[in-house]
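Colleague: Sequence and predicted model, in that order:
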Amino acid sequence: MTMGGHLNINHLMFLGQGALWTIGLSVIALIGGGIVGFVIALARISPLKSVRIASAVYVQLIQGTPLLVILFLGYFGLAAIGLKVSPLAAAGASLTLYVAAYLGEIWRGCIQSVPKPQWEAAEGLALSRTQRMMKVILPQAIRIATPPTVGFVVQIIKNTSLASVVGFVELMRSGQIVNNSLFEPFAIYAIIAVTYFAMCYPLSLFSQRLERWMGRGRSNLAPA
C-alpha cells in the first residue's frame, strides 16, 4: 500500500478484508471456546470435588487475567521457549481459552437455573446422570442459555481487536496500516467504529429480543 494520497476504494477493500478476518477469528473463538466451555460447564457441576475445583481454578485464572496478557503469553511466551506459532494460531488459541472460561460460567449458571422440580422428576424416572442431563436438563438449559450466549458474541467480536498486538491483521490492525499510509486517523477510525457497530448492534438487538421472548416463555411455564 503506497504512502500518502487519499482514502479510496482500495483502502476500503483492505478494511473489508480485515473485517472478514475479525468475523473469522470470532467464529474460531466461539466454536473452540464453546466446545471447551461446555466441558467446563459440566465440570463445574461434576459430582467429583476434584473436577469442580480444577475447573473453578481454570475459570478464576482466565477471568482474572487480562486478555491482552493471554495473547502475549500465547504468542511471545511460546516463542521465548522455542515454539513458533502464527499470529492466527496464537490469537485463536488465546481467544478460545478466554471465551471458554466465560461461556463455561454462563452455561453452568443456565444449567443450574433449570427448576429443581425438573431435576427431581428426572431422578424419579430412574434415569442415569447422563440421561438426566441429555434428555431433561440440557434441552431446557439451551433455551435459557441462548440469549446470554448471543450477547456474549458481541464481546467476542470487540475483543478480537486486541489480536492486533500479535500481528494478526483483523479490522483494527488493518485500520492502523491504512492510517500509517494516509495519516487520516479520524476518518479511518470512524469507519472502523461504524463497521464494529454494524457487526455488533444487530446481535445486541437479537439478544434483547431473545431475552424478552424467553422471559415470557418461562413466565408462562411457571407454576401458578
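Modeller: Nice, thanks for sending it over.

Colleague: where are the low-confidence patches of the chain?
Modeller: 1-5, 215-224 (pLDDT under 70).

Colleague: Let's see that with 80 instead.
Modeller: Filtered on pLDDT under 80, the chain yields the residue ranges 1-5, 120, 122-123, 126-127, 129, 211-224.

Colleague: Just the helices from it, written as ranges.
Modeller: 9-44, 49-63, 67-72, 78-80, 87-112, 116-124, 129-132, 138-159, 171-182, 185-221 (DSSP state H).

Colleague: so what does the third one touch, helix or strand wise?
Modeller: Yep, that's helix 67-72 we're talking about. Applying 3 or more Cβ pairs under 8 Å, 6 or more residues apart in numbering; DSSP states H and E, we find helix 67-72 packed against helix 87-112. All C-beta spots, glycine's among them, are computed from the backbone N, C-alpha and C.

Colleague: Mind giving me the packing neighbours of the helix it packs on?
Modeller: If you count contacts as 3+ Cβ pairs under 8 Å, 6+ apart, helix 87-112 packs onto helix 9-44, helix 49-63, helix 67-72, helix 138-159.

Colleague: Name the residues of that helix that are buried.
Modeller: 87-108, 110-111 (16 or more other Cβ atoms under 10 Å).

Colleague: ok now it, how far from the chain's centre?
Modeller: 6 Å (Cα atoms, centre = their mean, to the nearest Å).

Colleague: Likewise for stretch 79-89?
Modeller: That offset, for stretch 79-89, works out to 22 Å (Cα atoms, centre = their mean).

Colleague: Quick one: closest of the helices of the chain to Val165.
Modeller: helix 67-72 (5.9 Å; Cβ to Cβ).

Colleague: Can you tell me what sits against that closest one?
Modeller: With Cβ atoms under 8 Å, 6 or more residues apart in numbering as the test, helix 67-72 has contacts from 62, 90-91, 94-95, 97-98, 159, 162-163, 165-166.

Colleague: Stretch 8-23 now?
Modeller: Residues contacting stretch 8-23 (Cβ under 8 Å, 6+ apart): 1, 157, 160-161, 168-175, 177-178, 181-182, 188, 191-192, 195, 199.

Colleague: again, but for stretch 88-100
Modeller: Outside of stretch 88-100, the residues within contact range by Cβ under 8 Å, 6+ apart are 25, 28-30, 32-37, 40, 62, 67, 70-71, 73-75, 78, 85, 152, 156, 159-160, 163, 166, 168.

Colleague: Let's see that with 6 Å instead.
Modeller: With Cβ atoms under 6 Å, 6 or more residues apart in numbering as the test, stretch 88-100 has contacts from 28-29, 32-33, 36-37, 40, 62, 67, 70-71, 74-75, 156, 163, 166, 168.
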